[in-house]
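Undergrad: have a look at this prediction, sequence included:
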Amino acid sequence: MRTSPRDDSSPSPGGNPSSSPLLFLDVDGPLIPFGGPSTRHPGGYPTYLPPTGRPDDGMNPLLARIDPGLGPRLAATGCELVWATTWMDDANAYVAPWLGLPDLPVVLWPDETDEDVAERERTGLHWKTRPLVALAAGRPFAWVDDEITGADRAWVAAHHPGRALLQRVDPRDGLTDADFETLAEWVDTP
């Protein structure tokens, strides 16, 4: 499992990467809410203007749903941020600047084998779970995604020797104060 290269001259968002936990970030759901009305957005999703100096021509129109205020909150978690999304390098091209974040490492998803697909169908394991555990390599990690299930939590508990937080985010709401509180408690608990 690899991540795409990033400019090592930029500081790591979480400080020293060897001592801080990883925070694997999905985009669709946690950062871009979708899926219909919610208690948090009963009148529809709020939209935000693009950051100053960034043209919005040709950008994904759903980017306007990303609250730029999430960027500083994510950077302040004490974790090393890593994109764990199908947006791949587009997360650095579009989402990171929107949030005011530097380029982040990007998980390069491996091709699934027939055995991987069979296991997923049999167990309900998310296709990201095994690669994220392999990439963490025993290091503490948190993963925020809207598709995490009990099967993923059980598999991580059985196969990852380090601490892990799998935080399922309601895609209708995106990341909430409660999600950040859970993450902060997890980071502060040795």
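TA: Great, that's in hand.
Undergrad: in contact with the residue nearest the centre of the chain, which residues are there?
TA: Geometric centre of the chain, nearest residue: Leu25, 0.8 Å, by C-alpha atoms, centre = their mean. Contacts for Leu25 (C-beta atoms under 8 Å, 6 or more residues apart in numbering) come out as 31, 74, 81-85, 91, 104, 144. Bear in mind the C-beta positions are built from the backbone N, C-alpha and C, glycine included.
Undergrad: next one: it from Glu121, what distance?
TA: Look at Leu25 and Glu121: by C-beta to C-beta, to the nearest Å, they are 26 Å apart.
Undergrad: what's the answer for Gly174, then?
TA: Per C-beta to C-beta, Gly174 is found 29 Å from Glu121.
Undergrad: these two: which is more packed in?
TA: Gly174 (25 against 9; other C-beta atoms under 10 Å).
Undergrad: hmm, that one is touching Val27, no?
TA: No: at 10.1 Å, Gly174 and Val27 do not qualify as touching, with contact defined as C-beta atoms under 8 Å.
Undergrad: for Phe24, helix, strand, or coil?
TA: Put simply, Phe24 is strand when judged by DSSP: H, G, I helix; E, B strand; the rest coil.
Undergrad: Pro72 too?
TA: Quick answer, by three-state DSSP: Pro72 is helix.
Undergrad: next up, the contacts around it.
TA: Applying C-beta under 8 Å, 6+ apart, the residues contacting Pro72 are Gly100.
Undergrad: what about 10 Å?
TA: Applying C-beta atoms under 10 Å, 6 or more residues apart in numbering to Pro72 gives the contacts 99-101.
Undergrad: could you flag which of the residues you listed are buried?
TA: Neighbour-count burial (16 or more other C-beta atoms under 10 Å) is assigned, among the contacts of Pro72, to 99, 101.
Undergrad: just give the closest residue to Asp173, not the sequence neighbours.
TA: Distances taken as C-beta to C-beta, 6 or more residues apart in numbering put Arg40 closest to Asp173, at 4.5 Å, once the chain neighbours are dropped.
Undergrad: and Met88, by the same measure?
TA: Closest to Met88 by C-beta to C-beta, 6+ apart is Val106, at 5.8 Å.
Undergrad: circling back to that earlier point, and for the residue nearest to Asp173, the neighbour number?
TA: For Arg40, using other C-beta under 10 Å, the count is 14.
Undergrad: what does Glu119 give?
TA: 17.
Undergrad: would you mind measuring the gap between the ends of stretch 88-96?
TA: By C-alpha to C-alpha, to the nearest Å, the extent of stretch 88-96 from end to end equals 12 Å.
Undergrad: no wait, stretch 68-88
TA: 19 Å.
Undergrad: do stretch 170-178 as well
TA: End-to-end distance (C-alpha to C-alpha), stretch 170-178: 11 Å.
Undergrad: which residues touch Val156?
TA: Residues near Val156 by C-beta under 10 Å, 6+ apart: 125, 129-130, 132-133, 136, 141, 143, 148, 162, 164-166.
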